[in-house]
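In: sharing a model prediction with you, sequence too.
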Amino acid sequence: MDMREREELGLLTTKPNKKMKIQLQRPIAFIDIEATGADREKDRIVEISICKLLPTLERNVLTMRINPGIAIPADVVAIHGITWDDVKNEPKFSEVAGALFDFLAGCDVGGFNSNAFDIPMLFNEFSRAGLYWDYTQFLMVDVGNLFKIKEPRTLTAAYRFYCGRDLEGAHGAQADIFATVDVYMEMLKRYDDLPDTLEELALVTNYNKPILDLSGKFYLRDDGQIAINFGKHRDQPAKDHLDFISWMLYKADFPKDTQNVCRRLLGKPVAQ
């Protein structure tokens, strides 16, 4: 790839900073993708950035926006800030697939939660472009998973972090609940930006979304509409699929609280 092509593709090079513990035998291409949604099979890429870490520890960065060919939902735009106007004149994936495929050739692959999202998303995009990205031929290093492994989100770890001591009797119900209360009290002291009311705090602990049903078959979208959270109508307003809601209520076997959401959507009285 010559300098002109590198500039057109947004390819940058940075120098290494320090020696790594693991000596690379070949580059690792760290990938981050912004897309039209979270469905790895149906949604499409709108932006991709690849940071190729070379064995010399130099970094080659390739970033591009892509016309997904489908609409970008407003609630997704609210997350990554990329609108249809931002990408409507960009190339489609099929037009850049070859360059991306070549850029990744001979690399292992990494990212943050990339095993669950970025790699499957890119694999499916390559597949639609007629390219088979053979993931059996490279290693996958998920930094997000490594973070969870090294900094476990367990009560024992939280107690040590917030309270500064080891939790004795872990996994006994009384020891665990006392530790939970202690962690809660320490969090309230430590974080000045927490809400002043329990109602607001409850929302924060559920990522600012009210709980509609405990199994999570429904959720409230940013536009205030109740959306379906599974199956072929995932992320679509429930009111647009009342036949499906009727099926959930009368023919399927969902928990009572999920059925009550269906009843409200259909204008039926809720069950006690």
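Out: It's in.

In: what's the distance between Leu201 and Asn208?
Out: Plainly put, Leu201 is 11 Å away from Asn208 if you go by CB to CB, to the nearest Å. (C-beta placed from N, C-alpha, C; glycine too.)

In: quick one, which of the two is more surrounded?
Out: It is Leu201, of Leu201 and Asn208, that has more neighbours when counted by other CB atoms under 10 Å, with 14 against 10.

In: now do the SS call for that one.
Out: State at Leu201, reduced to three classes by DSSP: H, G, I helix; E, B strand; the rest coil: helix.

In: and the residue lying closest to it once chain neighbours are set aside, how many neighbours does it have?
Out: Closest residue to Leu201 apart from its sequence neighbours, by CB to CB, 6 or more residues apart in numbering: Pro195 at 4.9 Å. Look at Pro195: counted by other CB under 10 Å, it has 11 neighbours.

In: which residues does Pro195 contact?
Out: Pro195 makes contacts with 201, 203-204, as judged by CB atoms under 8 Å, 6 or more residues apart in numbering.

In: please give the element, helix or strand, for it.
Out: Counting by DSSP states H and E, there is no helix or strand that carries Pro195.

In: for Val109, same thing?
Out: Val109 belongs to strand 108-111, assigned by DSSP H and E.

In: parallel or antiparallel, which strands does that strand pair with?
Out: The pairing partners recorded for strand 108-111 under DSSP bridges are strand 28-35 (parallel), strand 140-142 (parallel).

In: which stretches in the stretch 51-200 of the chain count as helices?
Out: 74-80, 84-87, 93-104, 118-128, 143-150, 155-163, 173-190, 198-204 (DSSP state H, counting those that start in this stretch).

In: mind checking the SS state of Glu41?
Out: Put simply, Glu41 is coil when judged by three-state DSSP.

In: relative to Ile79, how far out is the residue nearest to it when sequence neighbours are not counted?
Out: Leaving aside its sequence neighbours, Glu41 sits nearest to Asn124 (CB to CB, 6+ apart; 5.6 Å). From Asn124 across to Ile79, the span is 20 Å (CB to CB).

In: and for Asp253?
Out: 33 Å.

In: any weak-confidence spans in this protein?
Out: 1-21 (pLDDT under 70).

In: show me it divided up by domain.
Out: Domain assignment for the chain by automatic domain parsing gives 3-148, 155-194, 218-265.

In: now do the buried residues in the second one.
Out: I take that to be domain 155-194. Buried positions in domain 155-194, judged by neighbour count with 16 or more other CB atoms under 10 Å: 155, 158-159, 162, 167, 179, 182-183, 186.

In: circling back to that earlier point, can you list contacts of the strand holding Val109?
Out: Against strand 108-111 from outside (CB under 8 Å, 6+ apart): 26-32, 118-119, 135, 138-144.

In: out of those, which end up buried?
Out: 27-32, 118-119, 138, 141-142, 144.

In: and which of these is nearest Ala175?
Out: Gly144 (30.1 Å; CB to CB).

In: the closest residue to the closest one other than its chain neighbours: neighbour count?
Out: Nearest non-adjacent residue to Gly144, counting by CB to CB, 6+ apart: Asn113, 3.8 Å away. Here the number of neighbours of Asn113 (other CB under 10 Å) works out to 15.
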